[in-house]
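K.L.:
with the sequence up front, the predicted model follows.
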Amino acid sequence: MSFYVIFLNLGMKHVLKIIFKDEVQTIFDLFSSIFDVKIIYYSPEGNIIKVGLNKPNSRYCQLIQNKLYGIQSCLSTDQQKREEAKYKGKTIQYSCHADLKEVLTPIYNDGYLLGFMGYGQFRQHNSISRRVLKAWIQKYNDPSELTEAYRALPYYTKEKAQDILELFSVLVNHIVSQHMVTAKGDFLLQKVLEYIHSNIEDPVSLNDISSYVGRSSSTLSHLFKNRLGMSFKEAMINTKLDKAEEYFRTCPHLKIREVAEKIGYSDPLYFSRIYKKYRLKTPSQYKKQHLLF
């Protein structure tokens, strides 16, 4: 068996240990090889755990992320769709902002979310959408690079795509029913963290979380102290700062003010003071140290 440990950035505490049987990777590799798609298993927070054949993003997606819309557009879409799949509790199909087809399904064990399985980066059209093509031409004039990358993507008709989806559903049911993915750890803490991450822009209170998980505020206070070694307030601040650093790494074009707003701080100066207090450096210093582009 193989396993993956979901770490919380707040002191790198163990939250859940996601355990996979070796057959899962074999299934992923075969699925990716046969259909030439990228199949992924995500943690409940959206971290990539497994990828069939370790397949990278398609050239088309790389161009969209690195040269047109930015990677944050993809990350935001992925997060929204994970929330939708979790809310509906079933498989969803959708077109991403670059007009590629994606499929996503939540994976549960005894009512607890263990993550998501999904596949995608295939097309159902012969040409790039007018919206995407127009945006590219306005920026680069010559569409040949993007067009060539688009045509290299696997193409499936609606009927064929439906057949692949049905097979994917069979595989998901098999993996779940045979307990090929299980978890050990603190499920209550995991549920609390899911709520915090899903409401990162909002002023979440301890009472809000208490109502969501059905436990008393005092129980949750002890949970934060005993499992994370910090108060609820400190945990919230650290979680927000972790998210800010993710934005700094993946979206270097965003201004500090814009990142502050995305994590619920309307005053960028206050955000900078909080950041320096907890990270012992300024947001600008962190950005310079972690530039991706």
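P.N.:
Looks like it arrived, so ask away. Model, not experiment: these values are computed from the prediction.

K.L.:
immediately after the helix or strand containing residue 168, which helix or strand?
P.N.:
Assigned by DSSP states H and E, residue 168 belongs to helix 158-177. Sequence order places strand 181-185 as the next helix or strand after helix 158-177, per DSSP H and E.

K.L.:
and stretch 196-206, how far out from the chain middle?
P.N.:
The chain centroid and the centroid of stretch 196-206 are separated by 17 Å under Cα atoms, centre = their mean, to the nearest Å.

K.L.:
ok, and what's touching it?
P.N.:
Residues from elsewhere that reach stretch 196-206, judged by Cβ atoms under 8 Å, 6 or more residues apart in numbering: 45, 83, 195, 208-209, 217, 220-221, 232, 235-236, 239-240, 243, 262-264. Using the backbone N, CA and C atoms, a C-beta is placed for each residue, glycine as well.

K.L.:
at 6 Å what do you get?
P.N.:
Stretch 196-206 is contacted by residues 45, 217, 220, 232, 239, 243, 263, 264 when judged by Cβ atoms under 6 Å, 6 or more residues apart in numbering.

K.L.:
cool, and stretch 216-225?
P.N.:
Contacts of stretch 216-225 (Cβ under 6 Å, 6+ apart): 206, 210, 232, 235.

K.L.:
buried residues, that stretch. List them.
P.N.:
220, 223, 224 (16 or more other Cβ atoms under 10 Å).

K.L.:
give me the subset of those that lies in helices.
P.N.:
Those of the buried residues of stretch 216-225 mapping onto helices are 220, 223, per DSSP state H.

K.L.:
which one among the buried residues of stretch 216-225 gets closest to residue 73?
P.N.:
Of all those, residue 224 has the smallest distance to residue 73: 33.4 Å, by Cβ to Cβ.

K.L.:
end to end, how far does stretch 214-226 reach?
P.N.:
Stretch 214-226 has its terminal residues 19 Å apart, counting by Cα to Cα, to the nearest Å.

K.L.:
quick one: mean pLDDT over it.
P.N.:
Averaged over stretch 214-226, pLDDT sits at 93.

K.L.:
try stretch 53-62
P.N.:
Averaged across stretch 53-62, pLDDT comes to 96.

K.L.:
re the thing from before, please put the alpha-carbon coordinates of the helix holding residue 168 into CSV.
P.N.:
What follows is helix 158-177, C-alpha atoms only, in CSV (Å, rounded to 0.1, in the frame of the first residue of the first chain):
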residue,chain,number,x,y,z
LYS,A,158,-20.5,13.9,-26.9
GLU,A,159,-21.3,10.2,-27.3
LYS,A,160,-17.8,9.0,-26.8
ALA,A,161,-17.3,11.4,-23.9
GLN,A,162,-20.4,9.9,-22.3
ASP,A,163,-19.0,6.4,-22.7
ILE,A,164,-15.8,7.5,-21.0
LEU,A,165,-17.8,9.1,-18.2
GLU,A,166,-19.7,5.9,-17.5
LEU,A,167,-16.5,3.9,-17.4
PHE,A,168,-15.0,6.5,-15.0
SER,A,169,-18.1,6.1,-12.8
VAL,A,170,-17.7,2.3,-12.7
LEU,A,171,-14.0,2.8,-11.7
VAL,A,172,-14.9,5.2,-9.0
ASN,A,173,-17.5,2.9,-7.5
HIS,A,174,-15.1,0.0,-7.6
ILE,A,175,-12.3,2.0,-5.9
VAL,A,176,-14.7,3.2,-3.1
SER,A,177,-16.5,-0.1,-2.7
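
K.L.:
list the contacts of residue 94.
P.N.:
81, 102.

K.L.:
where does it fall, secondary structure wise?
P.N.:
In this structure, residue 94 is located in strand 92-95 according to DSSP H and E.

K.L.:
picking that back up, quick check: of the buried residues of stretch 216-225, which lies closest to residue 71?
P.N.:
Once Cβ to Cβ is applied, the member of the buried residues of stretch 216-225 that ends up nearest residue 71 is residue 224, at 31.7 Å.

K.L.:
ok, now how distant is that closest one from residue 269?
P.N.:
28 Å (Cβ to Cβ, to the nearest Å).

K.L.:
which strand runs longest in the protein?
P.N.:
strand 112-122 (DSSP state E).
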